[in-house]
Structures are given as C-alpha cells and as structure tokens.
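J.: Fold the following, please.
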Amino acid sequence: MKSFKIITTFLLGMSIALISINAKAQQEAENTMSQYFNNRMLSNVGFTGADGNKISLIQNRSWIGFDGAPVLTSLSGEMNFGLNSAGGLNFISDKSGVLIRTYGVVNYAYRIKLDELQSLRLGASLSFHGDRLNDAYIASGGEYDPVIKENINTKLQYDGDFGIIYKREKLELALSILRIGNNLRGNQDNANLAYAQFAAYYDFELGNESNIDLKPMAMYRAYRNTSGVIDLGMQFQYNKCMNAMAVYQNTGNIRAGAGFCRKGLGEVNLFYNTNTKISNSASQQFEFSIIAYLK
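T.: Residues are numbered from 1 along each chain as shown. Purely as a prediction, here's the structure:
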C-alpha cells in the first residue's frame, strides 16, 4: 500500500504539472497499426515493459507514389528494471508535404501486484514536439510565406498521457487519458485528435502444447470533433513464430497484417490499412515494422 500511494502521488503530480504547460496537441503514433498487438506501448503508456524488453522500428506510409505523401517513422524502446518498474523512449518523425513534426516521448510504468491472479499497471509519459518546414521542398523551388514559416518553426511544446491497466489472468482492461495538458486547457487548436481510449484484451491458448494463441481485442477511442471509433480485432499466433492480425473499425475501415517471429531474436511485420473513413488517418497506409527482443 505504501508503494501504491507513492506511485499514485507521483503520477497525479505529473498530470497536474502538465496541465499548466502551454502546449499544442500532437498526433504521436495514432495512425500506426503496430499499436494493437505488436507495440502496445504506443496505445497506452501503462503497457511499457508489459510485453518484454524490446526495440521497435516502424515506418508508416500513405498514398504510395504520391509526392509529399505522409511518412511516419518511429523508433522506440522499452525496458523493465527493478522489481516492478519499466521505462520507455519513443522518437517519431512525422513528415507530410512541406511540414515535418518531430516527437520525443519518455514513459514510466509501475506494476502493482494485488494478489496471485490480479495486478495493476500505472503509467505516465512526458512528450515534446516541434514543427518545421521541409527545407528540401523550399530548396526545390516551393514557395512559402515567411510569416507562416516563422509560426511553424516553433520552440518545443510539451504534453503527456496517463494509463492504467488491470490484469486478471488472461484478461486485460486498459484505460488511457491522452494529451492531458492540451485537453484540460480547453482544446486550443482545431485538430481532431483522440483524448481518451479504452481497450480490452484476452489471450486464448489452444492446441495440445498450447502452440496456438488467439488474442481478441476491442478498443474505443473518443475524438474531439467526431464520433468515437470502435476497433474489433484478433491476432493469431502459431508456435510463437508466425502471426497474423485483422482489425475492423465501425467506420468500415479494415486493417490487417502478418509477420514472422524468431524466439529470442525478434520479429518482422507488414500491415495494410484500406481507406479514409477512420478519424485522423490517411488512406491506404502501408506499415513495416522490425522488433528486436532484448534480455
């Protein structure tokens, strides 16, 4: 109980501090498809370290072949330390047309064992981002307004998230409060970004040697300016070496992918997103990820 009070006080203090920071909203890795099963730290800071120690490289591209199409590149790492703590880092470059947005996110998560079957994970993140114009576009003859450039090339802005995860045997319930500072200041910009997310996961082990895993998932994201989006998905994994996943969204969008794993080394995955009907997402995304497992 003493550890619980200390961690709760720390997370509450960080959240209050973030409210007072004058920051803009940021997309972070909202569009990535790895967030569902392969890199859950991206969807909820509380998952930092929950799926083991690893380093992940993700590239998400939209509208392949279109000049200036969005490209999101993410390099993240997570590591458990001490008895119940885990830390994470995430660096993101989000390039779209003439605008380049760079993010950095620092995560901390703490596990609280309730009994032999149940546990809680509490997580908090501090994130920063900066915007700038793509100098390559300007050098190639593109025109720009100096006033716009001055406003885009801003100083670093700060914000943060809070996550809590309840686990009972194979069931996990995850709540994430996103962009605490920006949203509690009253939505100072017009971006349609998610401000809260809830997800439920379950892990079925099948087969004579439990070599088949089925992991259903349901997720709800609440957005500022549009209706919430519901994700219903499943990951299939065979013998810890092959996996496939599919996610259906109530907007009619479909996300799917597959990959190969090597025990003790890592995995490679490829994903595809079908259309434009999801809030805050570009059409026909292609995503490639490489994950290296750490001891």
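J.: mind checking how far the residue nearest the centre of the chain is from residue 208?
T.: Closest to where the C-alpha atoms of the chain average out (C-alpha atoms, centre = their mean) is residue 42, at 2.1 Å. For residue 42, the distance to residue 208 equals 34 Å [C-beta to C-beta, to the nearest Å]. All C-beta spots, glycine's among them, are computed from the backbone N, C-alpha and C.
J.: what ranges do the helices span in the stretch 151-295 of the chain?
T.: Using DSSP state H, counting those that start in this stretch, the helices of the stretch 151-295 of the chain run over 180-184.
J.: Output the lowest mean pLDDT helix or strand found in the chain.
T.: helix 2-19 (a mean of 44; mean pLDDT, DSSP states H and E).
J.: C-terminal to that helix, what's the next element?
T.: Following helix 2-19 in sequence order, the next helix or strand is strand 54-62 (DSSP states H and E).
J.: now for the helix or strand following that next one, which elements pack on it?
T.: With elements assigned by DSSP H and E, the helix or strand that comes after strand 54-62 is strand 71-81. Contact here means 3 or more C-beta pairs under 8 Å, 6 or more residues apart in numbering; DSSP states H and E; on that basis strand 71-81 packs against strand 54-62, strand 85-96.
J.: Please convert these to a markdown table, extending it with mean pLDDT, mean neighbour count and distance to residue 108.
T.: Shown next, in a markdown table, are the helices and strands packed on strand 71-81 (pLDDT from 0 to 100; neighbours: other C-beta atoms under 10 Å; distance: least, C-beta to C-beta, whole Å):
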| stretch | mean pLDDT | mean neighbour count | distance to residue 108 |
| --- | --- | --- | --- |
| strand 54-62 | 93 | 19 | 17 |
| strand 85-96 | 92 | 18 | 6 |
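J.: Would you confirm that the residue nearest to the centre of the chain contacts residue 90?
T.: Yes. Contact criterion C-beta atoms under 8 Å: residue 42 and residue 90 qualify, at 7.3 Å.
J.: if we can go back for a sec, tell me, how many neighbours does the closest residue to the residue nearest to the centre of the chain other than its chain neighbours end up with?
T.: Nearest residue to residue 42, sequence neighbours excluded (C-beta to C-beta, 6 or more residues apart in numbering): residue 35, at 4.0 Å. A count of nearby residues for residue 35, using other C-beta atoms under 10 Å, gives 22.
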